[in-house]
Structures are given as structure tokens and as C-alpha cells.
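Participant: structure for this input, please:
(2 chains)
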Amino acid sequence: MAADTKKGSGGNNQLLMTLLKGRTLIVLAILFVFFSCAAPNFFNVNSLLSVAKHVALFGILAIGMTYVIITGGIDLSVGAVVGFCGMIAGGFLQEGLTLPMFGVTIYMSVPVVVIVTLLIGILLGVVNGLIITKLGVTPFIATLGTMYVWRGFANIRSNGATFNDIAGKAGLGNQGFTFFGSSLGIIPMGVIILVIFAIIAGLVLNKTAFGWHVLAIGGNTNAARLSGIKVDKSLIIVYAISGFCSAMVGIITTAQLMAAHPATGESWEMNAIAASVLGGTSMAGGVGTIVGTIEGAFVIGVINDGMTMMGVTEFWQQVIRGLVIIIAVVIDQVQRNIQARMALQARNESKSEDKAAAATA
Amino acid sequence: MAGYSCPDNVFLHAEKISKIYPGTKALDEVSFDLLKGKVNVLVGENGAGKSTLMKMIAGIEQPSSGKMYIGDQEVSFKDTTEARKHGIGIIHQELSLFPNLNVYQNIFMNKELKKGAKLDNEQHMAKARAVLEKLEHPMDPNTIVGTLRVGQQQMVEIARNLVDDDLKVLIMDEPTSSLSQQEVQVLFKIMRELTAGGLSIVYISHRLEEIMEIGDHVTILRDGRYVDDADVKDISISWIVQKMTGGEKNYPKRDRTVDWSKQPKVLEVKDLCLPKPGGGYLVDHVSFDLKKGEVLGIYGLLGAGRSEVFECIMGLHPEHTGEVDIEGKPVQIKSVSQMIDMGVSLIPEDRQGGGLVQTLDIEKNASLAALKRYKKGPFIDSALEDKKVDEEIEDLHIKVADKHLPILSLSGGNQQKVVIAKGLLTEPKIFLMDEPSRGIDVGAKTEVFEIINKYAQQGLSIIVISSELEEIMAISDRIIVLSNGKKTGEFVGDEITKDGLVLASYKGHHTANNKQEGK
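Facilitator: Just a heads-up that it's a prediction; the model follows:
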């Protein structure tokens, strides 16, 4: 009897798998329909663009986070890097860089500020990577620690104050930072950057040796090492990518707000992790796609903004967000179990085929 | 079926026990009498089924078929607690202690003494102290077990079993492998006291001379089958070796007429040493060489240091000492990727743990180590990768319906061939294969041997580690034997005999003991 049910479920499995694989998109579509009905002003170009603008911020964070999670790690410091890099950029624009020993204050042009900020983001990521690989601290603890450190430095930079004069002055030649908060036509710059980052990150993950090394490290670190993959170096690069993405978000959000505040980005790491996981990235490592992560980011964004437009209170939003994440992971595990079962089935079938072939030969 | 009743001198009778694991039959209708008040010795090569049989009796695993009787009652143990109720305790081959807890917590784990609802730690300590004194290893019961020497840990493991008064059978799976000679003598003394008190002991050991010293009755297993049994007083070591290996049986040997003296040396290892944490050596001044196109076998028991030799050559133990020359030039071994670039490739012993990335598909698993070579600008040259992987799949006859299926959809044999393909795709000059036929069925084994043969004839130099005598004799041109980290034998051509290999594989232990005794 048990054998019968197994046979019967073979065809259903295929259909179920297709549905499960496309689940994030399906959920996204359902959410769109639901909020369009429930909140009459949800489905129009302006509110959709505003959703996209919000999604861009933690979507970019989630791209870096996806790389990290695929290696089997986690980066809790991304929100703090956003805040710190925002303060770096804001500070350079408002106060410049004062070198007391020479008694001068240097005001850098906007491109230089952006490049320096991004380099600092990369550096912070490298520090995470070094702590994890060279000192052997687990990623969770290492990045929890650096999260506090970076956040502390963000506050120290201005003593907790906000830099709100970041438009720059014509006389100093540092105008134009608001470019990152502007729109190209009607499309917010953040969304454009998200798309560019997503395309590059997706290509790197799937089409370069480095990307496959990342997937291999997450799948089986030991086998990766024995295959000659430079595991430590790859991990450091991965955390550097996460730091780079965070710095970019720091720049965008500072430009959007026209101000840099040291508390910016607090708890954003959670949104980034949620987006990755919703998009099918496995916390166990080895599995994940950038496309999935972007879809996951949009699911979160749509739920957030849709519920706000419906008038759901922030407190209930938290409850619902939490439930969505848990349900997503449960479904993810169901999918994995089915996949494992199908692989076993295929293996048994091929075995019996072998035997049949051997018997006829 | 009732009706079987054990004779008076038998505590437990196992009747035609079989155990089938996916792909292998670990035990094949083995019957076994556990004699009361005796030291029952089980002997056999690695994988003969000794530990498996004992796991059945201790309730760790359940037989696929067969029955067990105690007295005139049929018994079956679904777990260790149930076996324990019948007075059967086991000391594992690998220590199963909690290194984070202290001595008395380890001894009384899951048999805690209570005063009301509270743990009675005073009694724990007192009883722990008493039992350790009986074992002549007094120690503070508050010591954290992880900080003890391995020998002391072994004693804690024994104490854990002895602390119960109702113990009737004690199974000891290689308890002496980590003990010093002095500790072994203490252990033997305790064993004699225990058997004198009516306790039955089952003793598994690789040290043959120990068996002659402590054993009462020997049972020999080979390839999961019962071979013979006898009282120790009636037999000799050479009788045991002969029974273990199957005696006169001769297998077709490798027949290649190559004048090896004319072949260039591809690899030369001089005085390779790998220190063991806590003293001694895992690899103890081992030297050997490898000629072009040669298949060199490394035989030895588990823990003889075979895999460690590979790991040193492969760059996994930068702390090793000694010289490794590749094609006549000394190499500073730093990392795996460096060694792969130098033309060395490794098939790891543990296919699932070290060979495969389970989350990747078949093609990526095959191309993983060589991906760096398939580049077009910043991207992977998929066409080239496809072509190379397809060639290798073809060449190794890997049965693959679609190379983008998950790696776990393949059978064990085909998974192993994918790991071999991964190694070959890095275009090695020296190919290190650690137990390449482990856990795959006979058909796939033969194919793996054919692959080895074919590539050796094309000039690839191969070193194969194997625990299976027939296997290593069938594929190697030359065999070196490691024992206890030392090289204890080297055999070429007609010198290769089973008995010679087995004897050499025990030699390292003899000399170690003699040295200690001489002190």
C-alpha cells in the first residue's frame, strides 16, 4: 500500500515542485492583487514607485547578504555599516576632512566622497572577513560585535548629531550628492542601482568561477578546500561585497533623506536576511539566487507599504512580517524534502535500470 | 521459534545474524557464542564485521535478520538501554564521553543518583572515586574530562560501565589503541579480575600479541562471515593471520612488465613526519618514491597514518616536516591550490564529507577543482567546461542521464566516479586515491580498478590507499605498509603476499610496545 501511494504521488510531485519553485513570484502576485483590492490607492504608478524606492534600500543590502548566507555565514553588521558610511559621506560633505597637523580642512568633490565611502564599506567587510577566517570567530558573533563597533563609531563621528547640510556648496565644489536620491525620469536612482547591482551579482554568482566557489564553500567547506579553492580568501571577498553593498545603501539613504543620522539603518540587517530567506536562500549554505532575493525583497516591501496604506498598525505589521518569514522557511524545507526524495527515487530508478540492462546484456 | 537454549557455559547465543547496509552486507549469517566468565576475542581485518556484530549485541544497531538468545529466552534489543537491562555494556572504539562535563557527570550520565528531586552529587563523587580506585586510576571526580589524557579518558569510559553492579557482559572495542603499555597491563589485570568474578568480556583488538596474552577464546570473521573459532591455548599468531586472510587462496596479481628502474621518479618523499597532538607521531619518518606510470599501494590498519601521508603531500598539514620532491625538485608545500597547480590531485577518503558538494549539480561537482582553467574574460567558458566534463563522463563511463541533476541522484559508484573525474580534470601528474572503492558495489569497484589501470598505462602516477588486501594486491605494482605511523614494509612483484602484508601492518605496534617495555 505504501508503494502505491508513492507511485501515485510521482506526477503530483512534479507539479508541486514547479509551484514551490515559483512560490515567491506567486506570493508576490497574490499580494499585489490583495492590496490593490484592499487599499484602493495601492495600485498606481506613484505608490508602486515608492514601494520600489523602499525595496531598493534593503534589496541592495540583501544582495550582499545573500552572498554571505550562501557561504553558510551571516552578516549582522550591514545596518551599522549603512549608518556609519552615511555619517562618513555626510561628514565629508558638511565638515570636510580636517587635518589638524597641517591646519587645513579638505573638502572633497562628490565622486571622491562616494569612492572613499565605498572603499570604507569594503574595508569594514574585509575586517569582518578577517575576524571570521583568521581569528576563527563564528560569523554570527563576529558581525554582532562589529555591528556594535561600527554603530558606536557612527555616533562618535558627530557625537550623536545629524549632518543635515549635505547638498554641498558651489564655492567648495562639492555639490551634487543628492544625485543618489534623485530620479531618472520617474525611476528613483536607488531602484536603478538595485537593478545594476542585481544583474552584476547574479552574473558573478552563476557565471564566474568565484561565484561557483562561493556556492561550493557553502555546500561543503571541506570538499571545497580539498578541491583547491582558497576558502579564506573567498570568504573575505564575500564579506567585502556585503560591506560594499551596505556602503552604497548608506550613500543612497543619506541622499534621499538629505541628511545623515547615526541611527540610520538600525535593524535593517533583519530585512536583508528576511529578503534572502524568503527568496529561497538556505541558512545552511550552498543554496540561493539573486533573483529569488530580489523577489523576496519585493514581498517584504509590498507587505510593509501595502499594510501601511491599508491602515494596519505598525505593531500588527511586525506580527505579520514575522509569520511570513517563518511560513516561508517552512515551505522552503518542504521543498527541500521533496527534492531529496525525488533525487533518491531517481537514484533507485537508475539502479534498477542498470540491473535490467545488465540482465539483458 | 522457541526451543533454543544456551549451554551452561554460554551467556548469549547469536544465531545467523545478518546486517545489510545500503550497498553492502556487513554481516552474513554469523553465529556467535559469548562464553561466560571468559575473554572472548573477535579478530578480523578492517570491515570484517567485528564492530558491527558487537553493535547488535549492545543494542546500538539492530540486525536485519537473525536471533539472539540469553538462557532459553529469545531477546532483541531496540536500544542500548534495553541491552543494558540484560547486563550488557560496551566501550566504544571511539570514545563517547562528554568532554565538557566532569568525571563523575560522565560516569553517571543517564543513571543519575537522586536525593529526592535533587542530584546526589556527594554519592556521585564517592562512587566515582571508588570505581576509579578499583581501576588503579585515582583521579579527582571534578576534573573536566576534556582535559584528561586519552588513556585516562579510556579509564573513565570503563568506569562508566563498571559503576553498575549488575554488569554481566562488557564489550571492549579496541580499548588499548590509545593506551600506553603500562595502562594496557593495568587494564589486563582488571579484565582478569572481572572474568574471575564471573563477568564475560568481548574483546576486539588489532594487536595480535595482546590476544595471545589476554584472550581465552578467539572467533575469526572475514568479509562479514564467520571463519573459525578456537581456544587461545590451542592456536598461534600465524594460525590467526592465516584464517584472517583466507590462507592459501591466491588472487590474480597485476601483471605488468615494466622496468621500473628506467622510469623517472615523479615523487620522492623523504623522512616525512607529522607530530601527533599530545606527543608521538601520526606519520613517523616515512620515506618512499613513486615512478612515472606506477601504481603504488599503501596498506595498513585504520589509524596507521595512511591518510595523513596524503594530507601532508596535499598541503593540509603545513606543520609536517621532511622533504617532498616532485620531478626532482623540492617543494615547499603551502596549500591545496598550490599542490593542484603542481599537478597533484587527491580523491578524499570520505566521499560525502570531503569529495562532493551536495548542493551542486553533477557537472559543477566534476569541474569544481578545475574551474579556474575554464575562463573567458571574467566569466566561465561554459562551452569549454561542458566539453571537458562530457569527455570525462564518457571516458570514465559515468552513467549520467543529465549532468545538471543533483549529485545525490547518482548511485554511490557513479558519485565516486564524479569525484575521480574532478581530480582528473585538473590534469594531474600524481594522483592520490584514498580508499577509492569504499562503499561502492562490486561492479563499480571493478570499473574503478579499470580506470586506475588505464590511466597508469597512459603514464599517470598513482598512489592508492586501501584497507582491502585483495584489492590493493590486484591494482598495485608495489606496496608499502604503514603501521602506527611507521613504514614497516615494502613489497614488489612476487614478494607481495597477504600474510606478509598483514604481518607488516601489525609490526609498528610491536616495536612501539617493545620500546616502552625496554624503558
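
Participant: which regions of the stretch 401-519 of chain B sit below the pLDDT cut-off?
Facilitator: Scanning the stretch 401-519 of chain B for pLDDT under 70 picks out the ranges B:441-442, B:509-519.

Participant: tell me where it has strands.
Facilitator: Assigned by DSSP state E, counting those that start in this stretch, the strands in the stretch 401-519 of chain B fall at B:430-434, B:461-466, B:478-483, B:486-492.

Participant: tabulate those strands (JSON lines), appending mean neighbour count.
Facilitator: (Each C-beta comes from the backbone N, C-alpha and C, glycine too.) Putting the strands of the stretch 401-519 of chain B into JSON lines (neighbours: other C-beta atoms under 10 Å in any protein chain shown) gives the following:
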{"stretch": "strand B:430-434", "mean neighbour count": "25"}
{"stretch": "strand B:461-466", "mean neighbour count": "25"}
{"stretch": "strand B:478-483", "mean neighbour count": "25"}
{"stretch": "strand B:486-492", "mean neighbour count": "19"}
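
Participant: could you list the low-pLDDT ranges of chain A?
Facilitator: Short version for chain A, where the test is pLDDT under 70: A:1-13, A:344, A:346-361.

Participant: for the residue most central in space within it, which non-adjacent residue is spatially closest?
Facilitator: Nearest residue to the geometric centre of chain A (C-alpha atoms, centre = their mean): A:Ala62, 0.5 Å. Distances taken as C-beta to C-beta, 6 or more residues apart in numbering or on different chains put A:Ala275 closest to A:Ala62, at 3.8 Å, once the chain neighbours are dropped.

Participant: and the strand or helix carrying the one you found, how far from the chain's centre?
Facilitator: Using DSSP states H and E, A:Ala275 sits in helix A:268-278. Put simply, helix A:268-278 sits 6 Å off its chain's centre (C-alpha atoms, centre = their mean, to the nearest Å).

Participant: also stretch B:218-228?
Facilitator: 18 Å.

Participant: enumerate the residues of chain B near chain A.
Facilitator: B:314, B:316, B:335-337, B:339-341, B:346, B:348, B:353-360, B:364, B:368-369, B:371-372, B:374-375, B:378-380, B:382, B:399, B:401, B:405-406, B:408-411, B:422, B:426, B:443 (C-beta under 8 Å from any C-beta of the partner chain).

Participant: how close does B:Met191 get to chain A?
Facilitator: 39 Å (C-beta to the nearest C-beta, to the nearest Å).

Participant: hmm, back to that, any chance of the strands of the stretch 401-519 of chain B in JSON lines, plus distance to B:Lys329?
Facilitator: Output for the strands of the stretch 401-519 of chain B, formatted as JSON lines (distance: least, C-beta to C-beta, whole Å):
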{"stretch": "strand B:430-434", "distance to B:Lys329": "13"}
{"stretch": "strand B:461-466", "distance to B:Lys329": "15"}
{"stretch": "strand B:478-483", "distance to B:Lys329": "23"}
{"stretch": "strand B:486-492", "distance to B:Lys329": "23"}
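
Participant: for A:Leu172, find the nearest of those strands.
Facilitator: strand B:430-434 (63.9 Å; C-beta to C-beta).

Participant: picking that back up, next, count neighbours for the residue nearest to A:Ala62.
Facilitator: Using other C-beta atoms under 10 Å in any protein chain shown, A:Ala275 has 29 neighbouring residues.

Participant: test my guess that it contacts A:Ile300.
Facilitator: Yes - counting by C-beta atoms under 8 Å, A:Ala275 touches A:Ile300, with 5.6 Å between them.

Participant: dump the residue contacts of A:Asn174.
Facilitator: Contacts for A:Asn174 (C-beta atoms under 8 Å, 6 or more residues apart in numbering or on different chains) come out as A:Leu93, A:Tyr107, A:Met108, A:Ser109, A:Val110, A:Val113, A:Gly168.

Participant: which non-adjacent residue is nearest the first one?
Facilitator: When the adjacent residues along the chain are set aside, A:Leu93 lies closest to A:Ile166, with 4.5 Å between them (C-beta to C-beta, 6+ apart).

Participant: residues contacting the one you found?
Facilitator: Applying C-beta under 8 Å, 6+ apart, the residues near A:Ile166 are A:Ala89, A:Gly90, A:Leu93, A:Gln94, A:Phe177, A:Thr178, A:Thr254, A:Ala255, A:Met258, A:Ala259, A:Ala260.

Participant: A strand includes it, no?
Facilitator: No - under DSSP: H, G, I helix; E, B strand; the rest coil, A:Ile166 sits outside any strand and is assigned coil.

Participant: what's the local residue count around whichever residue of the stretch 151-300 of chain B sits closest to chain A?
Facilitator: Residue nearest to chain A within the stretch 151-300 of chain B: B:Pro277 (16.7 Å; C-beta to the nearest C-beta). Look at B:Pro277: counted by other C-beta under 10 Å, it has 6 neighbours.

Participant: narrow the contacts of A:Ile166 to those in helices?
Facilitator: Of the positions in those, A:Ala89, A:Gly90, A:Leu93, A:Gln94, A:Thr254, A:Ala255 sit in helices, assigned by DSSP state H.

Participant: any idea how far the fifth one is from A:Val112?
Facilitator: To tie it back to what came earlier, the one meant is A:Thr254. Using C-beta to C-beta, to the nearest Å, A:Thr254 is found at 16 Å from A:Val112.

Participant: where does the stretch 51-200 of chain B dip in pLDDT?
Facilitator: For the stretch 51-200 of chain B (pLDDT under 70), the answer is B:93-95, B:177-178.

Participant: now the strands for it?
Facilitator: B:65-70, B:73-75, B:88-91, B:114-115, B:118-119, B:169-173, B:200-204.

Participant: so what's the gap between the longest one and the chain middle?
Facilitator: Using C-alpha atoms, centre = their mean, the mean C-alpha position of strand B:65-70 is found 27 Å from that of the whole chain.

Participant: ok, now the fourth one?
Facilitator: Here strand B:114-115 is found 42 Å from its chain centre; the criterion is C-alpha atoms, centre = their mean.
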